[in-house]
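Q: Sharing a model prediction with you, sequence too.
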Amino acid sequence: AIGAADAVFLALRTNGHRDALDAVAAQVAPGVPVIIGSQISFSAAYLARALERRGQQNLIVALSTTITTGRRHGPLTVLVSNIRKDVGLATLPAGLRDEGLALCTALFGERFTPREDVLAIALSSVSPQVHLALSMLNFTRIEKAEVWDQNGCSTEAVAALITALDEERCAIARVHGVEVQSMAGHKSGSFGAVAPSLAELFRQMAAKGQGSKGPTSTETRYVTEDVPFGIAGMVV
């Protein structure tokens, strides 16, 4: 399928990216663009190096977050709870950004904001910060497989931890000379939510029924994906 594709879109948890990208690099034809949505880690750079070893250079588009949010309900049903209005975009090579923007706009509509480079994209995802705080401070709910609302359980203490982690992410980005959107800016761009504090923003979103239910297994991607491929990369 990859060998005959006009474009390749990778929609996969980050802890599965390496094997998938190795397969893409071995099969994708020259000139076929590859879109990675979303890039929490440095998947675009990994793929670019794999293609370079083959003497090949393809347009690689890195997206800062997923285009939609939602959860799987059974083997054949997915509940889409939101289609994001603002998704960051960068490319490798960087000079092909306009081409990458045009491709994604043609495929998914006008919802993309060009960013400086893939480093800005790698530091733009807020999922690791949100999910680390949520899973740590609601871990007994997860372990007991309770049904719980993520925004409704994002209390003042949870919001304070998310804010502290988010400020650290933004500080790392500034050190590397790139601008990233704050957590509040991300929520506003994704859900149209505006509030004087993060805790109030979560309350408003919960009241509107926005967001998803929390995970009900300790094997959640909040632990297996966001910690090793999101938080760990910033700590290093």
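A: Thanks, I have the structure now.
Q: Could you find the residue nearest the spatial middle of the chain?
A: Geometric centre of the chain, nearest residue: Thr65, 3.1 Å, by CA atoms, centre = their mean.
Q: For Val118, see how far away the nearest residue to that one once chain neighbours are set aside is.
A: In this structure, Thr65 finds its nearest non-sequential neighbour in Ser38, 4.6 Å apart by CB to CB, 6 or more residues apart in numbering. Where you see a C-beta, it was placed from the backbone N, CA and C, and this is true even at glycine. Separation of Ser38 from Val118 (CB to CB, to the nearest Å) stands at 12 Å.
Q: Counting neighbours, go ahead and name the busier of those two.
A: Per other CB atoms under 10 Å, whichever of Ser38 and Val118 has more neighbours is Val118, with 25 against 21.
Q: for the protein, what spans make up the strands?
A: With strands called from DSSP state E, the chain shows them at 8-10, 34-36, 60-63, 68-72, 78-83, 87-92, 112-114.
Q: how far does the last one sit from the chain's center?
A: With CA atoms, centre = their mean, to the nearest Å as the basis, the distance from the averaged C-alpha position of strand 112-114 to the chain average is 14 Å.
Q: lowest confidence element among the helices and strands of this protein?
A: helix 183-191 (a mean of 67; mean pLDDT, DSSP states H and E).
Q: Counting neighbours, which bits of stretch 18-28 end up buried?
A: Of the residues in stretch 18-28, Ala20, Leu21, Val24, Ala25, Val28 count as buried by neighbour count, 16 or more other CB atoms under 10 Å.
Q: give me every residue that touches the nearest residue to the second one once chain neighbours are set aside.
A: Of all residues beyond its chain neighbours, the one nearest Leu21 is Leu47 (4.7 Å), with distances taken as CB to CB, 6+ apart. Under the criterion of CB atoms under 8 Å, 6 or more residues apart in numbering, the contact partners of Leu47 comprise Leu21, Val24, Ala25, Val34, Ile36, Ile60.
Q: hmm, try it at 7 Å
A: Leu47 sits next to Leu21, Val24, Ala25, Val34, Ile60 when contact means CB atoms under 7 Å, 6 or more residues apart in numbering.
Q: Which one of these is nearest to Ala232?
A: Among those, Leu21 lies closest to Ala232 (CB to CB), at 18.8 Å.
Q: Quick one: residues contacting that closest one.
A: Counted by CB under 7 Å, 6+ apart, Leu21 has contacts Ser43, Tyr46, Leu47, Ala50.
Q: I'd like to know how many residues surround the second one.
A: What that stands for is Tyr46. The burial count for Tyr46: 18, using other CB under 10 Å.
Q: Can you give me the separation between the nearest residue to it once chain neighbours are set aside and Lys208?
A: Excluding its sequence neighbours, the residue lying closest to Tyr46 (CB to CB, 6+ apart) is Leu21, at 5.9 Å. Computed as CB to CB, the Leu21 to Lys208 distance reads 37 Å.
Q: What of Pro215?
A: Relative to Lys208, and taking CB to CB, Pro215 is found at 21 Å.
Q: for Ala164, same thing?
A: On the measure of CB to CB, Ala164 and Lys208 end up 26 Å apart.
Q: again, but for Gly152
A: Taking CB to CB, one finds Gly152 at 11 Å from Lys208.
Q: between those two, who's got more neighbours?
A: Gly152 (16 against 12).
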